[in-house]
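[1] below: sequence and its predicted model.
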Amino acid sequence: MEQSKLEGIVALFATTGTVKDIKPLGEGLINDTYKVTTLEDDAPDYVLQRVNHNVFPDVDMVMRNIKAVTEHIRGKLVAKGETDIERKVLRFIPLRSDPEKLHTIVDGTYWRLMVFVPNAITKQAVNPESSRAAGRAFGNFQAMLADLPIELGETIKDFHNMEFRLQQLHDAIEADAMGRVKEPQTQQILREVEKRAFDMCKAERMGREGILPKRVCHCDTKVNNMMFDYNDNVLCVIDLDTVMPNYIFSDYGDFLRTGANFVEEDFPQMKQVGFNMDIFRAFTEGYLESASSFLLPVEIENLPYAAALFPYMQCVRFLWDYLSGDKYWKSQYPQHNYIRANNQLHLLFSVEEHADEMKAFIAQCMDKIKSKQA
């Protein structure tokens, strides 16, 4: 996009300082992101983003959620006497024309501006150290928002609703748009999926029964969705577009699905797919350290279920896309989404093999936490 147009968009926000240049930042798959550098030493730099309203159709809702969440976290940090708050919670810049609004529309595209977090980095590597930090950070994120006084909107409807995902799959089976349902490889996965369907939908059942509450969740818990300082301390959680009400299983299970697989989710050699218990232990330990203060016993005892739920859900979603004609995820070859589905199924098998070990470790963590509190 032309520099002059980008500068014109930045000028709509209540910034300080003079724009020096605007350059692309990062390699985000959903939003277009730019760093806005200012001339003055006492003025902050900024991050300008075009929000993908195809992925997030209600940008107003997204930004209302973000405003509520960041203001609540900022208040908590101030109350605790935290220092360096500008690096510990994102700050979005309002419009000059409307101090209550955090985004604008230009030529049918949606834009927002936030303060650039200085002297901070993101990480890609998933190891026990970064996983423990992620568990602690995302657990603390949930803990700070446990008493948020307003109900957030659902930015992606039914995003982690297992009953909905199974219905999508059943609709794709009935339509059989690509004639792939009767393939032996498809039938093999379908048998395993259907065998577990009832058990995997228990979160929705417990929710309807009032046993399981919905919390404010991040819903995209990855190592690279945190900012670190140069001493490897977590500063803040970023990428807040998917923050919405959900069961805590979303933040716990989704991290382990991506972080604890020994291989990438489309790796074709199933013998190498497996659940990394070192990553599980590190993430779980960090998560319970910061989240156990508000979690209910039913949430804690179902964490192994969450670890199984998300590879199962992703298997269902990849298989749905394979049967529907590979329209959602980009595929490199005709069998790509089948390989992805099979990979996630084998990850699920590995998670199931470690179920007792996971339960025992969670119990040990909780015993340590309770002994410290005594």
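    Received it, and whenever you're ready, just let me know what you need.

[2] Glu154 touches Val243, doesn't it?
    No. Contact status for Glu154 versus Val243: not in contact, 10.5 Å apart, counting by CB atoms under 8 Å. Heads up, the C-betas are built off the backbone N, CA and C, glycines and all.

[3] neighbour count: those two, which is higher?
    Neighbours per residue, other CB atoms under 10 Å: of Glu154 and Val243, the larger number sits with Val243, 24 against 18.

[4] what about that one, distance to Pro149?
    15 Å (CB to CB, to the nearest Å).

[5] quick one: low-confidence parts of the stretch 251-374 of the chain?
    Within the stretch 251-374 of the chain, no range satisfies pLDDT under 70.

[6] now do the helices in it.
    277-291, 297-301, 303-324, 336-353, 355-373 (DSSP state H, counting those that start in this stretch).

[7] buried deepest among these, which one?
    helix 303-324 (a mean of 24; mean count of other CB atoms under 10 Å).

[8] and that helix, C-alpha only, in PDB?
    The C-alpha coordinates for helix 303-324 follow below in PDB (Å, rounded to 0.1, in the frame of the first residue of the first chain):
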ATOM      1  CA  LEU A 303      -7.400 -30.800  31.700                       C
ATOM      2  CA  PRO A 304      -6.400 -34.200  30.300                       C
ATOM      3  CA  TYR A 305      -9.700 -34.200  28.400                       C
ATOM      4  CA  ALA A 306      -8.700 -30.800  27.000                       C
ATOM      5  CA  ALA A 307      -5.400 -32.200  25.900                       C
ATOM      6  CA  ALA A 308      -7.200 -34.800  23.900                       C
ATOM      7  CA  LEU A 309     -10.100 -32.600  22.700                       C
ATOM      8  CA  PHE A 310      -8.000 -30.300  20.500                       C
ATOM      9  CA  PRO A 311      -6.200 -32.800  18.300                       C
ATOM     10  CA  TYR A 312      -9.600 -34.600  18.000                       C
ATOM     11  CA  MET A 313     -11.300 -31.300  17.000                       C
ATOM     12  CA  GLN A 314      -8.500 -30.400  14.500                       C
ATOM     13  CA  CYS A 315      -8.700 -33.900  13.000                       C
ATOM     14  CA  VAL A 316     -12.500 -33.400  12.500                       C
ATOM     15  CA  ARG A 317     -11.900 -29.900  11.000                       C
ATOM     16  CA  PHE A 318      -9.100 -31.100   8.600                       C
ATOM     17  CA  LEU A 319     -11.300 -34.100   7.500                       C
ATOM     18  CA  TRP A 320     -14.300 -31.800   7.000                       C
ATOM     19  CA  ASP A 321     -12.100 -29.600   4.700                       C
ATOM     20  CA  TYR A 322     -10.800 -32.600   2.800                       C
ATOM     21  CA  LEU A 323     -14.300 -33.900   2.200                       C
ATOM     22  CA  SER A 324     -15.500 -30.400   1.200                       C
END
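
[9] what helices or strands is that helix leaning on?
    helix 162-175, helix 184-200, helix 202-208, helix 249-259, helix 336-353, helix 355-373 (3 or more CB pairs under 8 Å, 6 or more residues apart in numbering; DSSP states H and E).

[10] name the residues of the second one that are buried.
    Of the residues in helix 184-200, those buried under the neighbour-count criterion (16 or more other CB atoms under 10 Å) are Thr186, Ile189, Leu190, Val193, Arg196, Met200.

[11] and the fourth one, how close does it get to His170?
    For Val193, the distance to His170 (CB to CB) stands at 10 Å.

[12] go on, the fifth one?
    Arg196 is 14 Å from His170, where distance means CB to CB.

[13] mind listing what the residue nearest to Phe255 when sequence neighbours are not counted touches?
    Spatial nearest neighbour of Phe255, chain neighbours left out: Thr221 (4.1 Å); criterion: CB to CB, 6 or more residues apart in numbering. Shown in contact with Thr221 (CB atoms under 8 Å, 6 or more residues apart in numbering): Ala134, Phe138, Ser250, Asp251, Tyr252, Asp254, Phe255.
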